[in-house]
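S.K.: Attaching a predicted model along with its sequence, questions to come.
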Amino acid sequence: KLGKDKQLVDESVLIGCTEENEAQFSLDLGEIEQSEVEQLCGGVFVDLRKAFFLLRAHEAPLVAKGQALLRWHQSHKFCSATGQPTFRNQSGSQRVCHSSGFTYYPMMAPVVIVLVSDGNRCLLGRQATFPPGMYSALAGFCDMGETVEETVHREIAEEVGLEVQSLQYSGSQHWPFPQSSFMVACHATVNPDKTEVSVDKVELDDARWFTLEEVTEALQRKKPPRNPKGEPPTFWVPPSYAIANRLISEWAQQQQLKLKRS
Ligand SMILES: NC(=O)C1=CN([C@@H]2O[C@H](COP(=O)(O)OP(=O)(O)OC[C@H]3O[C@@H](n4cnc5c(N)ncnc54)[C@H](O)[C@@H]3O)[C@@H](O)[C@H]2O)C=CC1
Ligand SMILES: [Mg+2]
């Protein structure tokens, strides 16, 4: 039905290609009657953060990429040097200002995300904006000119007052919130004799050490827990798609192996 709207279709962006060589596009439906579409498709619109709990592993990165790319186009309609309109190429991978000749490419802000361990426990934090009970690995944007290693040392010192001793790369991920970030995930260790946490209350609501038992239990919760009124919120961690979950799972596996060997 929406495919008849040529302008809408022209505004779609290319986001990938299936193994069967089918091109994949993302389309902004714009101002639509949500209930009508829900009825037509037999589905419901879900907030993207919540959708990450429901999507299958191969779908989540595609949805994240489509949403991030469409949002980038919406906010880069004008050249920042001339104020003139910019024009997209056909696939939607760039925009050009004909007046200045500048080509704009979608950008991701580099961010480190770090799971700090003291050998027996791991350190997780929560921002005031996180849902109740959710704790994650500590994260922070790289400053201009910084290396990943420098950002990790600075962020951990700033947010919890700890000195990182060693660092090990784990993996990376594109994260669509708040604007596109390129998350570089690492495991870090601190001196087990210097583990007193001093939380930066501007950045974080709380940060504390968690045991393997606590973390194992949280990893088993596949949905945000229901919190009965008046009771302290149940501890849980980000969904499996988030790289924070991968860091926490890797740490738990390493700890379990260590226990088996000892
Ligand atoms: N995928 C995952 O598993 C996780 C992803 N994250 C993401 O990591 C990102 C960074 O974590 P935070 O602790 O919030 O960073 P942060 O510790 O650097 O603090 C955020 C503050 O940094 C400043 N800032 C500096 N450069 C910025 C930029 N390019 N964009 C936005 N703000 C900038 C802002 O004042 C902002 O309030 C967040 O966007 C968050 O969504 C965080 C935890 C888990
Ligand atoms: Mg942070």
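M.R.: Received it, and whenever you're ready, just let me know what you need. The structure displayed is predicted, hence computed values, not measured ones. Ligands and ions are numbered 1, 2, ... in the order given.
S.K.: going forward, measure contacts between C-alpha atoms and count neighbours the same way
M.R.: Will do.
S.K.: Figure out the helix or strand that residue 246 lives in.
M.R.: Residue 246 belongs to helix 243-261 when assigned by DSSP states H and E.
S.K.: Does anything pack onto that helix? Which helices or strands?
M.R.: Under the contact criterion of 3 or more C-alpha pairs under 8 Å, 6 or more residues apart in numbering; DSSP states H and E, helix 243-261 touches strand 109-117, strand 164-175, strand 181-190, helix 212-219.
S.K.: Pull out the buried residues from the last one.
M.R.: Okay, so that is helix 212-219. When neighbours are counted by 16 or more other C-alpha atoms under 10 Å, the buried residues of helix 212-219 are found to be 212, 215, 218-219.
S.K.: same question, the longest one
M.R.: Buried residues in strand 164-175, counting neighbours by 16+ other C-alpha under 10 Å, are found at 164, 167, 170, 173-175.
S.K.: just the first one next, same as before
M.R.: In terms of neighbour count (16+ other C-alpha under 10 Å), strand 109-117 has its buried residues at 110-117.
S.K.: before we move on, the earlier item: in a markdown table: the buried residues of strand 164-175, plus pLDDT.
M.R.: Written out in a markdown table, the entries for the buried residues of strand 164-175 read as follows (pLDDT from 0 to 100):
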| residue | pLDDT |
| --- | --- |
| 164 | 98 |
| 167 | 98 |
| 170 | 98 |
| 173 | 95 |
| 174 | 94 |
| 175 | 93 |
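S.K.: Restricting to C-alpha, output stretch 121-141 in CSV.
M.R.: Written as CSV, here are the backbone C-alpha positions of stretch 121-141 (Å, rounded to 0.1, in the frame of the first residue of the first chain):
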residue,chain,number,x,y,z
ARG,A,121,33.8,-9.5,41.3
CYS,A,122,32.8,-7.3,38.4
LEU,A,123,31.9,-3.6,38.5
LEU,A,124,28.6,-2.4,37.0
GLY,A,125,27.0,1.0,37.1
ARG,A,126,23.7,2.6,36.3
GLN,A,127,22.7,6.0,35.0
ALA,A,128,19.7,7.7,36.5
THR,A,129,17.9,7.3,33.1
PHE,A,130,18.3,3.5,33.1
PRO,A,131,15.1,1.5,33.9
PRO,A,132,14.9,0.5,37.6
GLY,A,133,17.3,-2.3,38.6
MET,A,134,19.3,-2.3,35.3
TYR,A,135,23.1,-2.1,35.7
SER,A,136,25.6,-2.2,32.8
ALA,A,137,29.3,-2.0,32.1
LEU,A,138,30.8,1.4,32.3
ALA,A,139,30.9,3.4,29.1
GLY,A,140,32.2,6.7,27.9
PHE,A,141,32.8,8.8,24.7
